[in-house]
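Participant: Need coordinates for the below:
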Amino acid sequence: MAQDGLKIKGHVRLELYGPEGQLKDVREAENMIVSAGLATIAEAISKATNAYVVSGMGVGTGTTGAAEADINLETSASYNTLTSAGRGSTAASGHSIIYTCTFNPGFGTGALTEAVLCCAASAYGDKAVGRILNRLTFSAINKAAADTLAITWTVVLADA
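Facilitator: Residues are numbered from 1 along each chain as shown. Prediction:
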């Protein structure tokens, strides 16, 4: 008997730019979709209205690896609303949703080691959001006050 399955994975690209627009650092990684993220996806599919909408990203300085039970950054440096969020095109590899966010000069500075894709970041400022889709930890990206960090997060839904 044939079975249908759904596989969800996240991919993130972080690009650090200096004050003159020069690319200083690039990181790419696969990341974990946490339990709260899976619940958010299920609620979006099953309800006419959804209280949780992916609408922001956060960066921080926490170093504990991502875990399914994560609901926030370990140590917040900054939250920001998404500059764009839209459904990508359908391709042979599946369906993608692409989120982009920019942390401008003066925001999210320091030795950044974690990032989250989260719900309603703009409503919380730099406080705990309590609902994230993805979390990633990485070796430090040193964002100076004049630097800009651009994050592109791609969530891919594919047949398992």
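
Participant: how about the residue nearest in space to the middle of the chain, what does it touch?
Facilitator: The chain has residue 117 as the residue nearest its centroid, 2.7 Å off, counting by Cα atoms, centre = their mean. Residue 117 is in contact with 10, 37, 54, 56, 57, 99, 132, 133, 134, 153, 155, counting by Cβ atoms under 8 Å, 6 or more residues apart in numbering. No exception for glycine: its C-beta is placed from N, CA and C like everyone else's.

Participant: Can you point out the buried residues in the one helix or strand it maps to?
Facilitator: For residue 117, the enclosing helix or strand under DSSP states H and E is strand 110-119. Neighbour-count burial for strand 110-119, with 16 or more other Cβ atoms under 10 Å as criterion, is recorded at 110, 112, 113, 114, 115, 116, 117, 118, 119.

Participant: Closest to residue 79 out of the residues you listed?
Facilitator: residue 118 (7.2 Å; Cβ to Cβ).

Participant: residue contacts, the closest one?
Facilitator: The neighbours of residue 118, taking Cβ under 8 Å, 6+ apart as the test, are 54, 55, 56, 57, 58, 72, 79, 129, 131, 132, 133.

Participant: After the least confident helix or strand in the chain by mean pLDDT, which helix or strand is next?
Facilitator: Sorting the helices and strands of the chain by mean pLDDT, DSSP states H and E puts strand 84-87 at the bottom, at a mean of 49. Per DSSP H and E, strand 84-87 leads on to strand 95-103 as the next helix or strand towards the C-terminus.

Participant: same for that following strand, what does it pack against?
Facilitator: strand 54-60, strand 76-81, strand 84-87, strand 148-159 (3 or more Cβ pairs under 8 Å, 6 or more residues apart in numbering; DSSP states H and E).

Participant: what about the strand holding residue 117, distance to the chain center?
Facilitator: Distance of strand 110-119 from the chain centroid (Cα atoms, centre = their mean, to the nearest Å) equals 8 Å.

Participant: can I assume residue 158 is in contact with residue 95?
Facilitator: Yes - counting by Cβ atoms under 8 Å, residue 95 is a contact partner of residue 158 at 7.4 Å.

Participant: What is the burial count for residue 60?
Facilitator: 23 (other Cβ atoms under 10 Å).

Participant: Actually, residue 22.
Facilitator: Number of residues near residue 22 (other Cβ under 10 Å) recorded here: 8.
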